[in-house]
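Undergrad: Sequence and predicted structure, then a few things I'm wondering about:
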Amino acid sequence: MSDQSFQTLGEFIIEKQDDFQYSTGELSRLLSSIRLASKVVNREVNKAGIADITGHAGKTNIQGEDQQKLDVLANEIFIEALSQREVVCGIASEENDDYIEINCNNNSHMSKYVVLIDPLDGSSNIDVNVTVGTIFSIYRRVTEPGKPVEMRDFLQKGTAQVAAGYVVYGSSTMIVYTTGNGVNGFTLDPSIGTYYLSHPNLKFPTKGKIYSINEGNYIKFPQGVKDYIKYCQLEEDDRPYTSRYIGSLVADFHRNMLKGGIYIYPSTSQSPKGKLRLLYECNPMAFLTEQAGGKASDGYRRILEIEPTELHQRVPFFAGSAAMVTKAEEFMAKAVQAEEK
């Protein structure tokens, strides 16, 4: 291990604070709140199968999806950690219908940041002990500090993000994040409860050998996606590529960033707008992708340039090694041109 490996996440946040253009210490405290909440969620995830925290909670979220017990618990943990430290003025969660206005002792209205979060991505995998994660996105509010937050504070383009990241709860627990100055990963030492820098300056390989998509939905995919899958499977040049799909965005994305690959969740005949949420999943992952030298799009345009129109907006998502995403976009464009003839 290099000397860098012994640097803690807390030390790293403080050291890199000056790299951030709004260096007031508030963002550092916000990231520390996420760090704390992730440790609590990690503890609960590791109880799955022992404590009564697996299975359905008996409720559905705004998207009409069944909530798992750990969805609800993780949501409560992150909201509690973020709201009690007076570092955010508002929180939007994939698990809540509307955004939450934070007003602790009337001081949080002065906070400059809002957080959008997917508290437990891939939670349906919990019952079978498969990797899950947390995804977060941080913006500076656009309304005047001192007043309650408004919807427009959350409906910002991905290009306005000041930080984003994810936590992966797997064989080890890691936080991977960016503040717009590259991507770094930190691994939790569970014996002392400390995150250490383990993956400095993460980069997507320009080309990869992995494509991640739920091929069980093949018949429902757009023609361009079908054509790209066939291209991936051809024995030609450096192909065929390997198909790897876990069904947890954080897990699939993390593997592809380390090894090189593309993650695709396209539109389908049943979900013409796609399934992943722009604000909670696609924007933060796209920010990380670009900061790691990769590319993220909806098949035609840059994810970070999409103008959000609603809190739970869905979009198709292509992200990963730049050359692979570009090739997939070429197949999407060809299919559209063929339909227009």
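TA: Structure's in. What do you need?
Undergrad: Going by C-alpha atoms from here, please, whenever you check contacts or count neighbours.
TA: OK.
Undergrad: Where does the closest residue to residue 136 other than its chain neighbours fall, secondary structure wise?
TA: Counting by C-alpha to C-alpha, 6 or more residues apart in numbering, residue 117 is the residue found nearest to residue 136 once chain neighbours are left out, at 4.4 Å. Per DSSP states H and E, residue 117 falls inside strand 113-121.
Undergrad: rewinding a little: would you check that the residue nearest to residue 136 makes contact with residue 154?
TA: No - contact criterion C-alpha atoms under 8 Å: residue 117 and residue 154 do not qualify, at 11.2 Å.
Undergrad: what is in contact with these two at once?
TA: residue 92 (C-alpha atoms under 8 Å, 6 or more residues apart in numbering).
Undergrad: rewinding a little: model confidence for the residue nearest to residue 136, exactly?
TA: Per-residue pLDDT puts residue 117 at 97.
Undergrad: What are the buried residues along stretch 331-341?
TA: 331, 332, 335 (16 or more other C-alpha atoms under 10 Å).
Undergrad: Tell me the gap between the strand holding residue 117 and the middle of its chain.
TA: Here strand 113-121 is found 9 Å from its chain centre; the criterion is C-alpha atoms, centre = their mean, to the nearest Å.
Undergrad: Equivalent analysis for stretch 260-280, please.
TA: That offset, for stretch 260-280, works out to 13 Å (C-alpha atoms, centre = their mean).
Undergrad: ok, now how distant is residue 337 from residue 318?
TA: Per C-alpha to C-alpha, to the nearest Å, residue 337 is found 20 Å from residue 318.
Undergrad: now do residue 140
TA: Residue 140 is 26 Å from residue 318, by C-alpha to C-alpha.
Undergrad: Which one's more surrounded, these two?
TA: Remark: of residue 140 and residue 318, residue 318 carries more neighbours, 28 against 21, as counted by other C-alpha atoms under 10 Å.
Undergrad: shouldn't the more buried one be in contact with residue 261?
TA: No - when contacts are counted by C-alpha under 8 Å, residue 318 is not listed as touching residue 261 (10.6 Å).
Undergrad: outside of stretch 135-151, which residues touch it?
TA: By C-alpha under 8 Å, 6+ apart, stretch 135-151 touches 89-90, 99, 101, 107-121, 152-154, 160-167, 250, 279-281, 283-284.
Undergrad: Now do the buried residues in that stretch.
TA: Neighbour-count burial for stretch 135-151 flags 135, 136, 137, 138, 139, 140, 141, 142, 148, 149, 150, 151 (criterion: 16+ other C-alpha under 10 Å).
Undergrad: go on, stretch 96-105?
TA: Buried residues in stretch 96-105, counting neighbours by 16+ other C-alpha under 10 Å, are found at 99, 100, 101, 102, 103.
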